[in-house]
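Chemist: Quick one, fold the following:
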Amino acid sequence: MKRLVILLMFCSATSAVVHTLKVYLTGSSGLTDYPAFEGIGEVDGIHGVYCQEKIFETKQDWMQKLLKAYPQHLEFLKNGCHISSPAFFRFIVDFIMTNLNQSEGVHIFQGIGGCGLNNETAKLTGFLKYGYDGEDFLEFDLTQPKWIALRKEALFLQQLWNEETQSLLYNTDLITNQCNQWLTGSLIAGQSTLLRTDNPSMSLLQKTPSSPVRCHATGFYPESFLMFWRKDGEEIHEGVDHGHVLTNQDVTFQYYVDLDISSIPPQDWMRYDCVFQFTGAEDRIMVKLDKTLIKTNRDESSQTIIIVIAVVVVLSAIIIIIIAVGFAAYKKRNERPLTPSSENLCL
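Modeler: Numbers count the residues shown, from 1 in each chain. Got it, this is the predicted structure:
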């Protein structure tokens with residue numbers, strides 16, 4: 001149990017003010033095409049470590065630098081990935097299944113843990129939480145310290161783990177003091193990456209003239225930011241739909257906010273703008289709702305071709321009608337009875 005929680009320190013999520021260290025651990029039973037144990041570590045939202053029972057990979061140069069400076073930590077983490085954590089997850093999944101009278105089927109036990117550090121207040125936070133089969137199961141309460149069952153099926157494990165007094169104190173120290181040391185070391189080793197600020201590239205996108213206008217920001221770092229639509233300088237919520245933060249391949253982020261323009265008169269468009277701002281920063285990046293700035297994925301050349309084809313079809317139809325009318329008139333004229341000529345009369 002202790003070794004598992006130590007491994008949980010080795011990751012993080014990012015912010016301009018708050019830096020965090022997170023890890024996601026997953027153990028499963030009944031899956032043949034998925035590893036029985038998997039661990040993913042992040043520092044400020046950037047993957048630093050990935051491991052399975054027979055795999056240990058560092059994903060960033062600064063992570064390699066940190067572990068090279070502390071070889072004892074590297075050995076400890078490898079042991080956690082290869083031996084202690086897989087063994088714990090195999091045991092706990094079987095243990096829960098037995099207590100819940102589950103003899104077979106697919107079952108998944110997941111853990112997330114780590115710590116956070118506020119740069120301005122120097123406040124430390126720690127967290128450790130488990131889930132079972134996609135639902136919250138147990139959470140560690142640092143203020144007590146004790147485990148709290150998040151569903152009635154977890155009460156048996158809550159009681160068992162709360163009897164381990166030394167383990168409770170150890171976990172408390174682990175996800176606060178020791179985790180803070182790991183997080184600080186990560187920020188020092190990766191300061192050129194983790195402590196940088198990259199402004200976003202902003203653009204307005206629209207699929208069709210009646211679609212919402214999407215304000216899209218990409219290439220920014222860190223992940224802690226605010227992004228919203230305004231009208232006359234005031235943030236609005238009606239007709240606004242927020243997206244999800246996505247990670248780019250270059251370890252930056254992207255995000256979007258949609259604005260429904262169906263009820264906005266064209267003359268009022270310039271009263272609206274999209275704002276991006278990093279948390280804790282004063283500077284803002286703004287884009288006006290301007291039709292000339294909107295990009296679309298509609299193929300204008302295809303539309304032109306369609307219009308040309310439509311015009312050709314209409315003209316062809318008109319020509320066919322004219323020919324048909326002319327032919328009918330010609331045929332009608334030729335079918336009239338012949339009027340006897342003067343020569344015939346002479347016969």
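
Chemist: Phi first, then psi, for the residue minimising distance to the centre of the chain.
Modeler: Residue closest to the average C-alpha location in the chain (CA atoms, centre = their mean): Leu246, at 3.7 Å. With angles defined as degrees, to the nearest 10, Leu246 sits at phi -120, psi 150.

Chemist: That one reaches Tyr256, doesn't it?
Modeler: No. Look at Leu246 against Tyr256 with CB atoms under 8 Å: they stay out of range, at 9.1 Å. C-beta coordinates here come from the backbone N, C-alpha and C atoms, glycine included.

Chemist: Now do the contacts for the residue nearest to the centre of the chain.
Modeler: The neighbourhood of Leu246, defined by CB atoms under 8 Å, 6 or more residues apart in numbering, consists of Phe253, Gln254, Tyr255.

Chemist: roughly how far apart are it and Phe253?
Modeler: 7 Å (CB to CB, to the nearest Å).

Chemist: Also Thr296?
Modeler: When distance is defined by CB to CB, Thr296 is 24 Å away from Phe253.

Chemist: From what I see, Lys65 and Gln191 are in contact.
Modeler: No. If you go by CB under 8 Å, Lys65 and Gln191 don't touch, sitting 10.8 Å apart.

Chemist: Bridged to the residue nearest to the centre of the chain, which residues?
Modeler: Residues in a beta bridge with Leu246, per DSSP bridges, are Gln254.

Chemist: where does it land on pLDDT?
Modeler: Leu246 is assigned a predicted lDDT (pLDDT) of 93.

Chemist: quick one on the thing from earlier: between the contacts of Leu246, which is closest to Glu42?
Modeler: Phe253 (12.9 Å; CB to CB).

Chemist: Could you check how far that closest one is from Thr58?
Modeler: With distances taken as CB to CB, Phe253 is found 21 Å from Thr58.

Chemist: And Cys215, by the same measure?
Modeler: Distance from Cys215 to Thr58, by CB to CB: 36 Å.

Chemist: Between the two, which has more neighbouring residues?
Modeler: Shown here are Cys215 and Thr58; by other CB atoms under 10 Å, Cys215 has more neighbours (27 against 20).

Chemist: contacting residues around the more buried one?
Modeler: Contacts of Cys215 (CB under 8 Å, 6+ apart): Met202, Ser203, Leu204, Met227, Trp229, Tyr256, Val257, Asp258, Leu259, Cys274, Val287.

Chemist: so which helix or strand takes in the closest residue to Met227 other than its chain neighbours?
Modeler: In space, and not counting its chain neighbours, Met227 is closest to Phe276: 4.9 Å by CB to CB, 6 or more residues apart in numbering. If you go by DSSP states H and E, Phe276 is part of strand 272-278.

Chemist: if we look at that strand, which residues are touching it?
Modeler: Counting by CB under 8 Å, 6+ apart, 16, 197, 200, 202, 204, 215, 217, 220, 222, 224-231, 235, 257, 259, 264, 283-289 sit against strand 272-278.

Chemist: How is Leu77 assigned, secondary-structure-wise?
Modeler: Per DSSP: H, G, I helix; E, B strand; the rest coil, the secondary structure class of Leu77 is helix.

Chemist: That one touches Tyr50, doesn't it?
Modeler: No. Under the criterion of CB under 8 Å, Leu77 makes no contact with Tyr50, lying 11.4 Å away.

Chemist: quick one: common contacting residues for these two?
Modeler: Overlap of the contact sets of Leu77 and Tyr50 (by CB under 8 Å, 6+ apart) consists of Phe56.

Chemist: between the contacts of Leu246, which has the most around it?
Modeler: Within the contacts of Leu246, most neighbours by other CB under 10 Å means Phe253, with 21 neighbours.

Chemist: Report the contact partners of that one.
Modeler: Applying CB under 8 Å, 6+ apart to Phe253 gives the contacts Gly45, Thr218, Phe220, Tyr221, Glu223, Val245, Leu246, Thr247.

Chemist: Against Gly134, how distant is it?
Modeler: Taking CB to CB, one finds Phe253 at 26 Å from Gly134.

Chemist: sorry, back to before: so for Lys65 and Gln191, which sits in the more crowded spot?
Modeler: A side-by-side neighbour count of Lys65 and Gln191, using other CB under 10 Å, places Lys65 first with 15 against 11.

Chemist: what's in contact with the helix or strand hosting that one?
Modeler: Lys65 belongs to helix 61-69 when assigned by DSSP H and E. Residues outside helix 61-69 that contact it (CB under 8 Å, 6+ apart): 43, 48-49, 58, 73-74, 77, 185-186, 189-190, 192-194.

Chemist: The helix or strand in which Arg90 is found: how far from the chain's middle?
Modeler: According to DSSP H and E, Arg90 maps onto helix 85-99. Mean-position distance between helix 85-99 and its chain equals 30 Å (CA atoms, centre = their mean, to the nearest Å).
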